[in-house]
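Q: sequence and computational prediction follow.
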Amino acid sequence: MLVNPRPLPCEEAAIRAVDPQADCGRRAKRATLIAAILGSSLAFLDGSVVNVALPAIEADLRAGAAAVQWLVGAYQLSLAALLLVGGAAGDRFGRRRIFAIGVGLFAAASLWCGLVSSAGELIAARAAQGVGAALLVPSSLALIGAVFDEHERGRAIGTWAAFSALAAAVGPILGGVIVDHATWHWIFLINPVLALPTLWLAIWHLPESRDAQAPRRLDWPGALLAFAGLGCAVYALITAASRGWAHVATGGMAALGIVLLGAFIAVEARSAAPMMPLGLFRSRAFSGINLLTLLLYAALGGAFFFLPFDLVQVHGYSVTQAGAVFLPFTIIMAVLSRWSGGLIDWLGARTPLVAGPAIAAAGYALLALPGRDGAYWSAFLLPVAVVGLGMAIAVAPLTTAVINAVPAHRVGVASGVNNAVASVANLFAVALLGAVGLAAYGNGIETRLAALDAPAEVRQVIADARGSFVAPASLSALPDDRQAAARALIADSLSGGIRLVMLLSCGLALAAAACGAATAPRRASPRRR
C-alpha cells in the first residue's frame, strides 16, 4: 500500500470531501500538475516512439502486417478495456495510489518490451503496458480535476496538455535516432527513466483524493466482457484483410464480439456499481463529446499509424526523418494547448470543437495529395502542422467539456470513459483502416502485376509483399535493375493504400466537426460571458 509518510495540508480534506480543492494550497496544486504531466508523458512518449519504430520492428522481427497492427492493438485493447476500471479504482481507493501503481506497472512492462526477441512476446509486453497505462492515464486527469476548481481547471488541463505534448515532441526524433543508430529495443527503456521522478512525486508530495460515495466493489465482470468483446471484434477486423469476411474464423469472431459487447452493455445497465455508468450518457453534451472523441481520435490514429510507413517505405526517408515529421504537431500542441484550454470559458465548447476537427480534416486531405511526389516540407511537414493546429484547438476544450458535463464527484469515471473512447477509437482505427489500407495495397499489387512483363522470380518477390507493410527481404536477391523496378511497384501500391486511409481520416474528422456543431454546448462559462 502506498501512503504519504508526511500528510500534506489538504490531504485530510481531500479524503473527506467530495470537492477538496478549496483546501489545497498552491504547493500541492503545483506538485499535482507536474506529476500528472510526467505520468501522462509516459504514455504519450511511448505511443509516439513506437509508431515511428514500427517499420523497423516489422522488418527485424519478420512480422507481417497483422502482427504490427497487434503491436498497437494489444496496448490499446488493454487500455480501452481497463481504463474504466482504472478511473473507478482511483475514485474508490485513492487517485494518488492508483496513479503510482500504474506508473510502476508501465515502467516494468516497458523494460520487458525492451528485452523481447519475438513478435508474440512483444505483443504480450505491449498488452501489459496497456494495463499500467489504464491506471495512470485516468488518474492523472482525475488528480487535476480533484485539486483544481472548475474555474481553474481549463487552464490547468491546458497546461497539462501543453507540457505533455512538449515532452512527447522529443519522442519521434529520439526514437528515429535510436532506430537508425542502434536498435529499436532501446526505445522502450526511456519510460523507466521518466517513471522514477514521477513515483517520487506521487509518493511524497501529492495529496490523496477519493470519492466518499464510490462503490466498494469494482466492476470486473464488465471489464472482462469489454476486453473479450473488443478483442474479438479487433481480431475479426485484422484477419478480414487476409482471410475475408466469409472465413469462419473472421465471421465467428465478429459475431462473438458483438454478443460480448452486447452483454457488456446489459451488465452495465443492471450492475449496482458499473464501471461505465450508462446514466452519464443521458447528458446530451457528454454523449455528443464522446462521439466526437471517437471520430476525431479514429482519424488521428489511422493517419499516424500509416505515416511512418509512407515516409520510410514509400519515400525512402530515414527513421529519424520520419520521426521529425511529427515535430510540428507536438510543438503546435505544446504552444497552443494552454491558450485553447481557456477557449471554453470565452467562447463555449462548440466553436473550438467544430473548428478544430475541420482544420485537422484539411491536414489529412493534404497528406492524401502527393502520392510518391512532393517535397518533404510541403507533402508532410505542412500537412502535419495543419493537423496539429486542429487538434490543439480541439483537445483541451474537449477534455474540459467532458469533465464539466458531469458532477464533481464523477470526474474520475468521466475521465476514464472519455479516455477509453479515445483508446477504442485508436484500436478500431488501426484494425479497420489498417485492413482497408492493406486490402487496397494488395489490390494495387495485383493490378500492377497483371500489367507487368517480368520474369517469374520478380513476380513472386512482388507477390510476397502482400500481407506486409515493409518490402520483403527477398528483394535484395534480385539484380539491381529488377530490384529497383520491383521496389517502385511495391511503393506505388503501398502509396495508393495509404492515400485511401488519409482520405478516410479526413472524412472522420469532418464527421467529428459535424458532431461538435450538433451536440457541443454553445454557451461560455458564466465567469467569462
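A: Right, received. Where do you want to start?
Q: do a quick rundown of the strands in the chain.
A: Assigned strands in the chain: none (criterion: DSSP state E).
Q: care to break it down by domain?
A: With domains defined by automatic domain parsing, the chain comprises 11-206+275-444+495-519, 219-274.
Q: okay if I get the ones you listed as a markdown table plus distance to residue 489, mean pLDDT and mean neighbour count?
A: Bear in mind the C-beta positions are built from the backbone N, C-alpha and C, glycine included. Compiled in a markdown table, the domains of the chain are given as follows (distance: least, CB to CB, whole Å; pLDDT from 0 to 100; neighbours: other CB atoms under 10 Å):
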| stretch | distance to residue 489 | mean pLDDT | mean neighbour count |
| --- | --- | --- | --- |
| domain 11-206+275-444+495-519 | 9 | 83 | 22 |
| domain 219-274 | 20 | 87 | 18 |
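Q: dump those into a markdown table; add distance to residue 483 as well.
A: Output for the domains of the chain, formatted as a markdown table (distance: least, CB to CB, whole Å):
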| stretch | distance to residue 483 |
| --- | --- |
| domain 11-206+275-444+495-519 | 13 |
| domain 219-274 | 26 |
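Q: what's the closest of those domains to residue 470?
A: domain 11-206+275-444+495-519 (4.9 Å; CB to CB).
Q: report the separation between the nearest residue to residue 297 once chain neighbours are set aside and residue 350.
A: In this structure, residue 297 finds its nearest non-sequential neighbour in residue 425, 3.8 Å apart by CB to CB, 6 or more residues apart in numbering. Look at residue 425 and residue 350: by CB to CB, to the nearest Å, they are 21 Å apart.
Q: if I look at residue 304, how far off is residue 317?
A: Residue 304 is 16 Å from residue 317, where distance means CB to CB.
Q: just confirm the residue nearest to residue 297 contacts residue 290, I think it does.
A: No: Residue 425 is not in contact with residue 290 according to CB atoms under 8 Å; the separation is 9.9 Å.
Q: what's the distance between residue 227 and residue 250?
A: 20 Å.
Q: I misspoke; the intended subject was residue 169.
A: Distance, residue 169 to residue 250, using CB to CB: 39 Å.
Q: try residue 292
A: Counting by CB to CB, the separation of residue 292 from residue 250 is 30 Å.
Q: repeat for residue 441
A: 19 Å.
Q: which one is residue 413 nearest to, not counting chain neighbours?
A: Leaving aside its chain neighbours, residue 413 sits nearest to residue 87 (5.1 Å; criterion: CB to CB, 6+ apart).
Q: next one: residue 6, what pLDDT does it get?
A: Predicted confidence (pLDDT) for residue 6: 34.
Q: ugh, wrong one, residue 216
A: 73.
Q: wait, residue 509 sits on residue 355?
A: No: in this structure residue 509 lies outside contact range of residue 355 using CB under 8 Å: 11.6 Å.
Q: what residues are up against the nearest residue to residue 318 once chain neighbours are set aside?
A: Excluding its sequence neighbours, the residue lying closest to residue 318 (CB to CB, 6+ apart) is residue 180, at 5.5 Å. Contact partners of residue 180, counting by CB atoms under 8 Å, 6 or more residues apart in numbering, are 318, 319, 320.
Q: and with 10 Å instead?
A: Going by CB atoms under 10 Å, 6 or more residues apart in numbering, residue 180 touches 56, 318, 319, 320, 321, 322, 323.
Q: any chance of CSV for these, columns distance to residue 417?
A: CSV is the format used below for the contacts of residue 180 (distance: CB to CB, whole Å):
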residue, distance to residue 417
56, 35
318, 40
319, 36
320, 37
321, 38
322, 33
323, 32
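Q: hmm, which two among those are most spread apart?
A: The widest separation within these (CB to CB) is 13.3 Å, between 56 and 321.
Q: quick check: neighbours shared by these two?
A: 176, 180, 312.
Q: would you confirm that the first one contacts residue 54?
A: No: here residue 176 lies out of contact with residue 54, judged by CB atoms under 10 Å, at a distance of 11.8 Å.
Q: can you work out which residues contact both of the two?
A: If you check residue 176 and residue 54 against CB under 10 Å, 6+ apart, the residues they both contact are 308, 312, 319, 322.
Q: for residue 466, see how far away the residue nearest to residue 448 when sequence neighbours are not counted is.
A: In space, and not counting its chain neighbours, residue 448 is closest to residue 489: 5.1 Å by CB to CB, 6+ apart. Distance of residue 489 to residue 466, given as CB to CB: 12 Å.
Q: how about residue 374?
A: 26 Å.
Q: kindly report the same for residue 56.
A: Distance of residue 56 to residue 466, computed by CB to CB: 20 Å.
Q: for residue 422, same thing?
A: Residue 422 is 32 Å from residue 466, by CB to CB.
Q: what sits against residue 52?
A: Going by CB under 10 Å, 6+ apart, residue 52 touches 171-176, 178-179, 184, 187, 304, 307-308, 311-312, 319-320, 322-326.
Q: my guess is residue 437 contacts residue 469, does it?
A: Yes: taking CB under 10 Å as the definition, residue 437 is a contact partner of residue 469 at 8.6 Å.
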